[in-house]
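J.: Just need the structure, nothing else, for what follows:
(one chain, ligands or ions: 1)
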Amino acid sequence: GAKPKSYDRVMLKISGEALMGDQGYGLHPPTVARIADEVDSVHKLGVEICMVIGGGNIFRGLQGSAQGMERTTADYMGMLATVMNALAMQSALEAKGIHCRVISAIRMDEVAEPYIRRRAVRHLEKKRVIIFAAGTGNPYFTTDTAATLRASEMNCEAIFKGTKVDGVYDKDPVKFPDAKRYETVSYDEVLQKHLGVMDASAIALARDNDLPIIVFSLDEPGGFKGILEGRGTYTRVHG
Ligand code: UDP
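T.: Residues are numbered from 1 along each chain as shown. Alright, predicted model coming up:
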């Protein structure tokens, strides 16, 4: 297929919950395989793909600290959860014949590569999919911020944030049938109106680095590829 002109290198950010299917917790291998299909169809276009996967399907730092756990310890547990998700996705991608590297922000050399920027760029040039695991490696951050940081470092043209809905709405479209979807919305409006795209630090970092965020539905089969080819509905968050 013809590679869409506008994108050569992208970041795909998904939450950990996107991998749990209807289970309510953990990993659902058929769901992981379905998302790997989405990645596969974009990879086949020749687009270079980075991924960041959250950990909320296994553990969130804030939940742990709400239950009395020391916050930074709980956050490290959350980061470790993202490594498990990354390994599951790597395995699903490799099952489709896609070469894939997991790069961890916390060193664990037996399991994943350490983060070395030039090496990561080289993987992309060789058309390997990279999954950045363990977030930023720092407590008090989120994987949205990690996705924005790595997308900036890798010179991605945009962050594709796959969610349950097909864009950013003025109110929760699940609760309010009259909710309106934005075609485009500015970073500042997202921050001012507290639109639930990403956390504020991730939005601010994207704004400061002029990195557009494209919010789309991951539940739509072929959705990721469609949007890269200019089809489907989504919201573009930009300057
Ligand atoms: N986390 C962290 N630093 C990071 C990224 C993640 O401490 O740079 C921890 C944090 O505790 C967070 C958990 O990892 O709750 C899982 O990440 P996140 O909540 O972003 O996952 P998602 O909601 O996308 O599934």
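J.: same question for the longest helix along the chain, mean pLDDT?
T.: For the chain, the longest helix by residue count, based on DSSP state H, is helix 71-95. For helix 71-95, the mean pLDDT works out to 98.
J.: could you say what helices and strands the helix or strand that comes right after it packs with?
T.: Next along the chain after helix 71-95, taking DSSP states H and E as the criterion, comes strand 100-104. Using 3 or more Cβ pairs under 8 Å, 6 or more residues apart in numbering; DSSP states H and E, the elements in contact with strand 100-104 are helix 71-95, strand 113-114, helix 117-125, strand 129-133. (Glycine included, C-beta is placed from N, CA and C.)
J.: cutoff 7 Å now
T.: Here strand 100-104 touches helix 71-95, strand 113-114, strand 129-133, going by 3 or more Cβ pairs under 7 Å, 6 or more residues apart in numbering; DSSP states H and E.
J.: Between the ones you listed, which one is closest to the ligand.
T.: Nearest of the helices and strands packed on strand 100-104 to the ligand, taken as Cβ to the nearest ligand atom: helix 71-95 at 2.4 Å.
J.: tell me the angle of the closest one relative to strand 129-133?
T.: Angle between the axes of helix 71-95 and strand 129-133 is 160 degrees (criterion: axes from the mean of the first three to the mean of the last three Cα atoms, to 10 degrees).
J.: Kindly give the local confidence score, pLDDT, for the residue lying farthest from the centre of the chain.
T.: Residue farthest from the centre of the chain, counting by Cα atoms, centre = their mean, is residue 68 at 28.7 Å. pLDDT for residue 68: 97.
J.: rewinding a little: list the contacts of the longest helix of the chain.
T.: By Cβ atoms under 7 Å, 6 or more residues apart in numbering, the surrounding residues in contact with helix 71-95 are 16, 19, 27, 32-33, 36, 39, 51, 53-55, 57-61, 64-65, 100, 102, 104, 106, 111-112, 129, 131, 133-135, 139-140, 143.
J.: With stretch 124-137 instead?
T.: Taking contacts as Cβ under 7 Å, 6+ apart, the residues outside stretch 124-137 that touch it are 9, 39, 43, 48-53, 79, 82-83, 86, 89-90, 93, 98-106, 112, 120, 123, 141, 143, 145-146, 149-150, 154.
J.: for stretch 160-172, same thing?
T.: By Cβ under 7 Å, 6+ apart, the residues outside stretch 160-172 that reach it are 10-14, 18, 173, 179-182, 185, 195, 197-198, 213-220, 224, 233-235, 237.
J.: Just the ones in strands from those, please.
T.: Those of the contacts of stretch 160-172 mapping onto strands are 10-14, 185, 213-217, 235, 237, per DSSP state E.
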